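Novice: Next input, structure requested:
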Amino acid sequence: EVADEVLFIITAPPLNLGKEHFVSIETGRNYEVLQKNGRRRSSIPTAVIPKGPEKYSLEWFLEKKPEAAPDDNLDKAAVAAVVLVSMGLFIASRL
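Specialist: Sure, this is the predicted structure:
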């Protein structure tokens, strides 16, 4: 089944498409400008991100946010449940 599809693609005649087969949308603004070296770049303004310290340097470690501590509420609830069940079993065994 796959081989039939691959054979169909391989034996298909090539498509000769000209510019008349494609759609061009004019935006009214020129978003392409040339740099001094002749390469194209987008003229859409972008945010400038300051370069940080070198990775794994002392400054990088100091700048890094500490990881959040695990939530202890679950542990406290588990301990409270175990204590209550143990007290209940202890009291039930005395009766």
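Novice: switch to C-alpha atoms for all contacts and neighbour counts from now on
Specialist: OK.
Novice: helix/strand/coil for residue 54?
Specialist: coil (DSSP: H, G, I helix; E, B strand; the rest coil).
Novice: Return the distance of it relative to residue 64.
Specialist: 12 Å (CA to CA, to the nearest Å).
Novice: could you pull out the helices for this protein?
Specialist: 2-11, 58-63, 73-94 (DSSP state H).
Novice: And the ones you listed: which comes nearest residue 48?
Specialist: With CA to CA, the closest approach to residue 48 among the helices of the chain belongs to helix 58-63: 19.0 Å.
Novice: chain center to the closest one, what's the gap?
Specialist: Between the centre of helix 58-63 and the centre of its host chain there is 24 Å, according to CA atoms, centre = their mean, to the nearest Å.
Novice: Please pull out the lowest mean pLDDT helix or strand from this protein.
Specialist: strand 32-34 (a mean of 55; mean pLDDT, DSSP states H and E).
Novice: where does this structure have low pLDDT?
Specialist: 27-45, 69-74 (pLDDT under 70).
Novice: if we go to 90?
Specialist: 1-2, 9-10, 12-53, 55-81, 93-95 (pLDDT under 90).
Novice: Nearest to the middle of it, which residue? Look it up for me.
Specialist: residue 49 (18.0 Å; CA atoms, centre = their mean).
Novice: quick one: that one and residue 13, what's the gap?
Specialist: Residue 49 is 49 Å from residue 13, by CA to CA.
Novice: got it, and residue 75?
Specialist: 69 Å.
Novice: With residue 86 instead?
Specialist: If you go by CA to CA, the gap between residue 86 and residue 13 works out to 81 Å.
Novice: thinking again about what came up before, mind giving me JSON lines with the helices of the chain and columns for distance to residue 20?
Specialist: Listed next are these as JSON lines, based on distance: least, CA to CA, whole Å:
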{"stretch": "helix 2-11", "distance to residue 20": "24"}
{"stretch": "helix 58-63", "distance to residue 20": "55"}
{"stretch": "helix 73-94", "distance to residue 20": "66"}
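Novice: Let me know which of those helices is the nearest to residue 23.
Specialist: Closest among those, using CA to CA: helix 2-11, at 25.3 Å.
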